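1. Got a predicted model here, sequence first, then my questions.
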Amino acid sequence: MLKRFLKVLCIILVVLILAVVAYLIFMTVTDYKPEEVISLNVSDDTEQVLKKDTKISAMTYNMGYCGLDAGQDFFMDGGTGSRSISKEKTLENLLGMTEFIQSQETDFILLQEVDIKATRSYNINEYEKLKENLSDYSSIHCINYNVPWVPVPISKPHGSVKSGLVTFSKYKITETNRYQYPGKEKWPRQLALLDRCFIESKLPVEEGKELILLNSHLSAYDKGGTIRKQQLDFLKDYVSKEYDKGNYVIVGGDWNHAIPGTDSGMFESKQEWPEWLKEIPEDFLPEGFKWGADKTVPTNRTVDIPYEEGENYYSVIDGFLVSPNVDIINVEGQQLNFQYTDHNPVTLEFTLK
C-alpha cells in the first residue's frame with residue numbers, strides 16, 4: 001500500500017515539475033521584448049496647433065485597469081485580490097472615470113493601466129470604449145504589459161494581460177514613439193512583469209518649436225531601487241537633451257515615487273510608510289525644471305486592504321515635471337476618494353513661454 005502511494009506521489013511530482021518547466025519555456029519563448037524605440041500611430045489626429053501664452057491643461061490618471069476600485073485590494077501589495085470583482089463592476093468603474101474625464105475638458109489626457117484584453121478586466125477593450133466617448137480627441141496607445149498568463153495567486157490567477165498607456169490630445173501631434181525604460185528584473189520574475197516605458201508625443205508650437213509631452217509609468221516593486229535609478233537617470237538625460245534643443249518638455253504620469261515637495265505624513269493614516277514607496281533622489285531634478293503636484297490631495301492609496309478613510313497609507317505619486325520654459329498656472333488633485341481606482345487624478349494648467 002505504501003509503495004503504491006509513493007509511486008503515485010512520485011508521478012504527481014514529476015507531472016508538476018514538467019508542467020512548471022513547460023510553463024517557463026512557454027513564457028520565455030513568448031516573452032514580450034519591445035525595441036528601445038517604437039514608432040506609434042496617432043488615431044484621428046487633429047489640426048489645431050499649440051500657441052504660446054495660451055492656457056493649456058493636462059490630466060494624468062492611473063485607471064487601475066478599472067478593477068482597483070475602493071472595495072478592492074491587490075495581491076502584489078499584500079492583499080488577496082487579483083481581478084476586478086465582475087464584468088459589470090469593471091464597466092461601472094470605466095464609465096465613472098470616463099464621465100469624470102469628460103467633465104474636466106482638459107487638452108491632454110495621460111492615462112496608465114488601460115487594458116486592451118485581459119483576464120483581470122474580463123477582456124473589455126477599455127481603450128476602444130474611451131475612444132468612443134472622447135471622439136473629439138486624437139489618441140495614442142502603447143503596450144507596456146503583455147503576458148500570456150500570470151499564474152498567481154494560485155486560487156485565482158491574474159491571468160493573461162495586454163495593457164498599456166494612452167494619451168489623448170486636442171492638439172496636432174507630428175510624431176509619437178514608445179521609449180523603453182532600461183532595467184529588468186531577473187529571470188523568471190521578469191516574465192510576468194510590466195515592460196516599463198513612456199509615450200513621447202511631439203506637438204508643433206508656433207515659431208517652429210515643439211512641445212515634447214511624455215506619458216510615463218515608472219517601476220514600483222524592484223528591491224533595492226536599482227531599476228528605478230536606471231529609469232530616472234534615463235528620463236533625466238532625455239528631458240535635458242530635449243530642453244537643450246529649445247523645446248518645451250512636460251512629463252506626466254504615475255511616478256511610483258513620492259514627488260518632491262509633497263508630504264505623505266500630512267494625511268491621516270493608521271498604516272506605516274509602505275516598503276515599495278521611495279522618494280525621488282534630490283539629484284534627479286534637471287536644472288530649472290519644476291514639479292507640478294498638489295500636496296494637499298493624495299493621489300494613491302495602499303491596496304493591501306480595501307479603501308477606508310483614515311486607514312490606508314496615502315501618498316502623492318502622480319503629477320508632472322516641466323521644463324523651465326513652461327509656466328505652471330495651477331496644479332489640482334481631484335479627491336475622488338478612490339471610488340473607481342486606487343489613484344486620484346491630477347490636472348496641470350500651464351502656458352508656454
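-> Sure, I can see it. Numbering: from 1, shown residues only.

2. Surely residue 120 is in a helix?
-> Yes - applying DSSP: H, G, I helix; E, B strand; the rest coil, one finds residue 120 inside a helix.

3. Spit out the contact partners of it.
-> Residues in contact with residue 120 (C-beta atoms under 8 Å, 6 or more residues apart in numbering) are 65, 67, 82, 83, 84, 158, 159, 161. Quick note: C-beta positions are derived from backbone N, CA and C, even for glycine.

4. Any of the residues you listed buried? List them.
-> Among the contacts of residue 120, those classed as buried by 16 or more other C-beta atoms under 10 Å are 65, 67, 82, 83, 84, 158, 159, 161.

5. Checking the fourth one next. Helix, strand or coil?
-> Classification of residue 83 into helix, strand or coil gives coil, according to three-state DSSP.

6. Distance check, it against residue 58.
-> 31 Å (C-beta to C-beta, to the nearest Å).

7. With the second one instead?
-> Residue 67 sits 25 Å away from residue 58 when distances are taken as C-beta to C-beta.

8. How about the fifth one?
-> When C-beta to C-beta is the yardstick, residue 84 and residue 58 sit 27 Å from each other.

9. ok, back up a step: which pair of the contacts of residue 120 spans the longest distance?
-> Between any two of these, the greatest separation by C-beta to C-beta is 12.4 Å, found for 84 and 161.

10. tell me the centre residue of this structure?
-> With distances taken as C-alpha atoms, centre = their mean, residue 112 lies nearest the centre of the chain, 3.5 Å away.

11. Quick check, that residue in contact with residue 254.
-> Yes - the criterion here is C-beta atoms under 8 Å, and residue 112 meets it with residue 254 at 4.9 Å.

12. Tell me which stretches of the stretch 1-150 of the chain form helices.
-> Ranges of helices in the stretch 1-150 of the chain, per DSSP state H, counting those that start in this stretch, are 2-30, 87-104, 126-133.

13. For these, give me TSV that also has mean neighbour count.
-> Below are the helices of the stretch 1-150 of the chain laid out as TSV (neighbours: other C-beta atoms under 10 Å):
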stretch	mean neighbour count
helix 2-30	11
helix 87-104	17
helix 126-133	17
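
14. Could you point out which of those sits nearest residue 50?
-> Among the helices of the stretch 1-150 of the chain, if distance is taken as C-beta to C-beta, the winner is helix 87-104, at 18.8 Å.

15. Contacts for that closest one next, please.
-> 57, 59, 61, 63, 66-67, 69, 84, 109, 121-122, 124, 126, 129-130, 133-134, 334, 336, 339-341, 345, 347.

16. Export it to PDB, keeping only CA atoms.
-> Extracted in PDB, the C-alpha atoms of helix 87-104 (Å, rounded to 0.1, in the frame of the first residue of the first chain):
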ATOM      1  CA  LYS A  87     -17.500  42.500 -15.600                       C
ATOM      2  CA  GLU A  88     -20.400  44.800 -14.500                       C
ATOM      3  CA  LYS A  89     -18.200  46.500 -11.900                       C
ATOM      4  CA  THR A  90     -15.400  46.900 -14.400                       C
ATOM      5  CA  LEU A  91     -17.700  48.700 -16.800                       C
ATOM      6  CA  GLU A  92     -19.200  50.800 -14.000                       C
ATOM      7  CA  ASN A  93     -15.700  51.900 -13.000                       C
ATOM      8  CA  LEU A  94     -14.800  52.700 -16.600                       C
ATOM      9  CA  LEU A  95     -17.900  54.700 -17.100                       C
ATOM     10  CA  GLY A  96     -17.400  56.600 -13.900                       C
ATOM     11  CA  MET A  97     -13.800  57.600 -14.800                       C
ATOM     12  CA  THR A  98     -14.800  58.400 -18.400                       C
ATOM     13  CA  GLU A  99     -17.600  60.700 -17.200                       C
ATOM     14  CA  PHE A 100     -15.200  62.500 -14.900                       C
ATOM     15  CA  ILE A 101     -12.600  62.900 -17.600                       C
ATOM     16  CA  GLN A 102     -15.200  64.300 -20.000                       C
ATOM     17  CA  SER A 103     -16.300  66.800 -17.300                       C
ATOM     18  CA  GLN A 104     -12.800  68.300 -17.000                       C
END
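
17. Please state the mean pLDDT value computed over that helix.
-> The average pLDDT for helix 87-104 rounds to 98.

18. Report the angle between that helix and helix 126-133.
-> Per axes from the mean of the first three to the mean of the last three C-alpha atoms, to 10 degrees, the angle that helix 87-104 makes with helix 126-133 is 40 degrees.
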